[in-house]
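Peer 1: structure, please.
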Amino acid sequence: MALSEEVKQQIQQAYRDVLAGKDIRARYGQRLMIAEIAKYMGDIDENDGQRTSPPATCVVEAGTGTGKTLAYLIAAIPVARALGKTLVISTATVALQDQIVLKDLPDLRKHSKLDFSWTLAKGRGRYLCMSRLESRLHDEGHGDSDTMPLFLLDSPQDGDAADKATFERMLAAYGSREWDGDRDHWPEQIPDDTWRQVTTDHRQCTNRHCAYFDSCAFFDARKELDEAEVVVANHDLVLADLALGGGAILPEPENALFIFDEAHHLPDKALNHFAASVPLNSTRQWLKQLSQGLSKMQPWVPGGSQAAKAIEKISTAGRDLDQELAKVYEEVEQNTGWDFNEERRSAQWRYPEGELPEDLAALAADTRIVTAGLVRQLGALVDELQTAFDERKDPELDRDTAESWFPVIGSFHSRAEDQLRLWAAWCEGVNQSDTGSESGDQAKTEEGAKKPRYGPPPARWAIRQRWDHAEDITLYSSPVLADNLLYARLWSRTYGAVLTSATLTALGRFDRLRSRAGLPEASRYMVVPSSFRYAEMATVEVPFMAAMPTDDGFADAIIQRLPDLWAGEKATLVLFTSRRQMQQVRDALAPNHPELILTQDDMARNEVLRQHCSRIDEGKPSVLFGVASFAEGIDLPGKYLHHVVITRLPFSVPDDPIEASLAEWVTQRGGNPFMEITVPDASVKLVQAVGRLLRTEQDTGRVTILDRRIIARRYGQLLLDALPPFRRVIEYS
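Peer 2: Alright, predicted model coming up:
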């Protein structure tokens with residue numbers, strides 16, 4: 001669809017109106033970004049509303065100060081409306097999601113002539129389940145009631161008066177419409193253990209058969225979702241929807257235009273989403289819970305009914321699975337070269353090239369068969385319970401029994417399915433990978449042809465943990481790259497997609513993102529020039545250090561150097577790659593510098609930042625200590641941050657099994673994993689860390705890097721050159 005003159009005029013006029021309404025000036029980079037996104041969307045060929053041109057994405061790296069949110073909203077909303085597509089905006093963090101919903105979209109509608117509707121999309125687990133809340137209050141907190149099997153799901157402590165009082169307040173607030181049932185809109189923080197008791201998931205929800213369906217918080221929110229022109233979601237929800245086939249929660253990819261903000265997180269989010277794990281001993285304990293649940297359910301089920309037969313088969317499958325898990329545990333425990341880390345009381349073992357030992361592979365195959373049988377029989381019982389809700393049929397079970405037991409059996413079914421994913425992944429050939437729609441090393445293109453997608457074998461590993469009175473071994477499987485998953489489930493299906501972030505390139509190239517996200521060949525890429533005058537605004541400094549990070553005395557060198565670095569500064573952020581080293585340095589320095597150092601572990605993140613800003617407002621100096629999560633996503637403009645100290649280059653942990661599997665694959669192909677993986681990954685993290693310093697065009701400050709490998713090693717120059725063009729100050733002695 002070529003952009004019509006009307007749509008072009010709408011975009012241009014909206015931009016002019018917002019600039020005038022907010023009394024701000026146009027930004028060159030912002031104008032470029034608007035034009036690029038609009039042109040990309042206009043270049044998509046379509047027939048009868050369906051894309052006919054090859055899959056392609058638009059990738060835009062836009063640094064702090066570009067105003068990228070406004071840019072993509074102004075470009076995409078008029079185009080999406082003209083196409084009749086839903087615009088889905090996906091973020092990686094709740095903070096950005098809230099900013100878009102509460103600030104950016106209202107601002108755009110207020111200051112422009114664009115008239116559009118929007119809503120925030122959340123998973124079912126963020127909403128109150130009235131059925132479960134009512135059940136909690138009805139049972140008065142006792143977990144041993146035969147009439148309330150829901151307590152099999154989470155077994156709260158008897159007599160938890162605090163929870164009961166909270167539940168009563170929830171019921172009153174929801175009944176009076178003072179609260180909409182959204183966890184995030186409750187006035188106080190709700191502990192996870194409390195919230196789990198009054199929410200549900202798609203396996204436990206009876207949908208239209210529920211007595212509370214007409215007043216359901218989740219389905220009320222879903223009505224808004226169906227009608228909204230702009231849907232604000234997050235990467236996890238998008239991936240969850242794709243795992244269900246797409247269109248289960250969000251609009252179908254074919255009928256949506258996606259914008260992925262904070263897009264550099266998407267490949268890792270996809271890996272996490274499609275990974276699988278099974279804790280062996282915990283699963284055996286869960287099988288005991290299942291057995292107890294079935295014995296409690298049996299008196300409520302007519303003898304000889306299909307449900308009664310399913311219960312018998314589930315009981316048999318549960319016993320068989322318990323025996324198989326015991327064999328797997330013994331095999332992994334006795335025939336693995338465990339190397340215990342006594343401090344963590346754990347050991348990890350990765351299976352090279354994803355290849356399992358022959359005996360273990362045979363046991364995994366047997367366990368898969370038994371688990372599949374358990375899943376099948378639990379599914380049959382779920383079907384029987386659902387039949388009881390259908391008034392057109394003649395069910396064997398009464399409705400009250402079905403309503404009581406459906407959520408419990410649904411939960412057991414869901415957990416068994418999760419376990420089956422691990423065993424299925426462990427039984428796949430190592431040259432196969434999940435492409436989303438099929439198993440194998442090929443993915444179907446939308447034309448139906450097979451497209452070879454050769455990639456690394458899956459990562460498979462085991463972790464053994466010890467506690468005071470227990471021990472467990474957890475088995476894991478994960479894709480090593482998300483390229484096939486994202487290509488097959490998303491890029492090949494969606495009408496169009498824009499990926500944007502301040503850090504999408506690594507060492508100045510898009511290669512890393514392209515390979516990890518499986519971006520289509522026809523994708524287009526742009527780096528928006530920054531409006532910051534970096535050389536005038538800040539310096540990057542590499543002081544002389546008595547030790548290198550690889551030396552035993554490096555922590556002592558940091559301890560010795562830091563007080564000089566923060567002297568005379570009002571607001572300093574010190575970033576560590578190790579929580580243990582952060583605490584070691586804090587313990588050494590805090591006694592001599594009372595009421596100066598705040599670490600991100602001292603309290604909740606927002607409270608740490610609030611206290612830091614409060615100190616600055618009072619004219620007191622403040623030094624923040626943080627690790628990876630403080631190197632990205634915190635916003636401390638102006639006087640709240642003037643100096644960023646990076647203690648060491650952010651190379652990934654060498655024992656990460658997914659990274660190790662990827663490195664192994666690169667080596668086998670004749671590559672250099674350090675230069676192809678480790679250095680580009682470190683470059684992205686370093687740019688993000690440095691990005692904490694300048695948040696507005698008025699900010700100034702300095703970055704200090706204590707890791708002298710950045711000037712002493714060949715790869716260091718690459719990392720240094722990938723940073724913004726700050727003025728450099730390097731001490732050589």
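
Peer 1: contacts and neighbour counts: CA atoms only from here.
Peer 2: OK.

Peer 1: list the buried ones in the helix or strand hosting residue 107?
Peer 2: Using DSSP states H and E, residue 107 falls within helix 105-111. Of the residues in helix 105-111, those buried by neighbour count under the rule 16 or more other Cα atoms under 10 Å are 105, 107, 108, 111.

Peer 1: stretch 243-256 too?
Peer 2: Of the residues in stretch 243-256, 243, 246, 249, 250, 251, 252, 253, 254, 255, 256 count as buried by neighbour count, 16+ other Cα under 10 Å.

Peer 1: could you point out which element follows the helix holding residue 107?
Peer 2: Later in the chain than helix 105-111, the nearest helix or strand by DSSP H and E is strand 118-120.

Peer 1: what pLDDT, on average, does that following strand get?
Peer 2: Across strand 118-120, pLDDT averages out at 92.

Peer 1: not counting sequence-adjacent ones, nearest residue to residue 224?
Peer 2: Leaving aside its sequence neighbours, residue 224 sits nearest to residue 119 (Cα to Cα, 6 or more residues apart in numbering; 6.5 Å).

Peer 1: what of residue 246?
Peer 2: Leaving aside its sequence neighbours, residue 246 sits nearest to residue 252 (Cα to Cα, 6+ apart; 5.3 Å).

Peer 1: circling back: which helices and strands does the helix holding residue 107 pack with?
Peer 2: Contact partners of helix 105-111 among helices and strands, from 3 or more Cα pairs under 8 Å, 6 or more residues apart in numbering; DSSP states H and E: helix 5-22, helix 68-83.

Peer 1: alpha carbons only: can I get it in PDB?
Peer 2: Coordinates of each C-alpha in helix 105-111 appear next as PDB, following Å, rounded to 0.1, in the frame of the first residue of the first chain:
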ATOM      1  CA  LEU A 105      -0.800   8.400  24.200                       C
ATOM      2  CA  PRO A 106      -3.000  11.000  26.200                       C
ATOM      3  CA  ASP A 107      -0.500  13.700  25.200                       C
ATOM      4  CA  LEU A 108      -0.700  12.800  21.500                       C
ATOM      5  CA  ARG A 109      -4.400  12.800  21.500                       C
ATOM      6  CA  LYS A 110      -4.600  16.000  23.400                       C
ATOM      7  CA  HIS A 111      -2.200  18.000  21.200                       C
END
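
Peer 1: touching it from outside, list them.
Peer 2: 17, 18, 21, 22, 70, 73, 74, 114, 115, 116, 118 (Cα atoms under 8 Å, 6 or more residues apart in numbering).

Peer 1: where's residue 168 relative to residue 184, distance?
Peer 2: 18 Å (Cα to Cα, to the nearest Å).

Peer 1: the more surrounded of these two?
Peer 2: Neighbours were counted for residue 168 and for residue 184 using other Cα atoms under 10 Å; residue 168 has more, 15 against 12.

Peer 1: looks to me like the more buried one is in a helix.
Peer 2: Yes. Judged by DSSP: H, G, I helix; E, B strand; the rest coil, residue 168 forms part of a helix.

Peer 1: so which residues of the stretch 301-450 of the chain form helices?
Peer 2: Under the criterion DSSP state H, counting those that start in this stretch, helices of the stretch 301-450 of the chain are mapped to 306-334, 358-387, 399-427.

Peer 1: mind putting those in TSV, mean neighbour count, distance to residue 66 and mean pLDDT included?
Peer 2: Putting those into TSV (neighbours: other Cα atoms under 10 Å; distance: least, Cα to Cα, whole Å; pLDDT from 0 to 100) gives the following:
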stretch	mean neighbour count	distance to residue 66	mean pLDDT
helix 306-334	18	53	96
helix 358-387	20	50	95
helix 399-427	21	42	90
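
Peer 1: nearest to residue 500, out of these?
Peer 2: helix 399-427 (31.8 Å; Cα to Cα).

Peer 1: count the neighbours of residue 611 for me.
Peer 2: 13.

Peer 1: contacting residues around it?
Peer 2: Contacts of residue 611 by Cα under 8 Å, 6+ apart: none found.

Peer 1: and it, how far from residue 601?
Peer 2: Distance from residue 611 to residue 601, by Cα to Cα: 13 Å.

Peer 1: one step back: from the buried residues of stretch 243-256, which land in strands?
Peer 2: residue 256 (DSSP state E).

Peer 1: just put the buried residues of stretch 243-256 in a markdown table and tack on pLDDT and distance to residue 302.
Peer 2: Shown next, in a markdown table, are those (pLDDT from 0 to 100; distance: Cα to Cα, whole Å):
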| residue | pLDDT | distance to residue 302 |
| --- | --- | --- |
| 243 | 89 | 36 |
| 246 | 91 | 39 |
| 249 | 86 | 36 |
| 250 | 92 | 40 |
| 251 | 92 | 42 |
| 252 | 94 | 42 |
| 253 | 95 | 45 |
| 254 | 95 | 46 |
| 255 | 94 | 47 |
| 256 | 95 | 48 |
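
Peer 1: low-confidence ranges in the stretch 1-150 of the chain?
Peer 2: For the stretch 1-150 of the chain, residues meeting the criterion pLDDT under 70 lie at 1, 139-150.

Peer 1: actually the stretch 151-300 of the chain, sorry about that
Peer 2: Applying pLDDT under 70 to the stretch 151-300 of the chain flags residues 151-161.

Peer 1: helices of that one, start to end?
Peer 2: Using DSSP H, counting those that start in this stretch, the helices of the stretch 151-300 of the chain run over 161-175, 192-196, 217-227, 235-243, 266-274, 280-297.

Peer 1: dump these to a markdown table, plus distance to residue 384.
Peer 2: Below are the helices of the stretch 151-300 of the chain laid out as a markdown table (distance: least, Cα to Cα, whole Å):
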| stretch | distance to residue 384 |
| --- | --- |
| helix 161-175 | 31 |
| helix 192-196 | 26 |
| helix 217-227 | 24 |
| helix 235-243 | 25 |
| helix 266-274 | 30 |
| helix 280-297 | 13 |
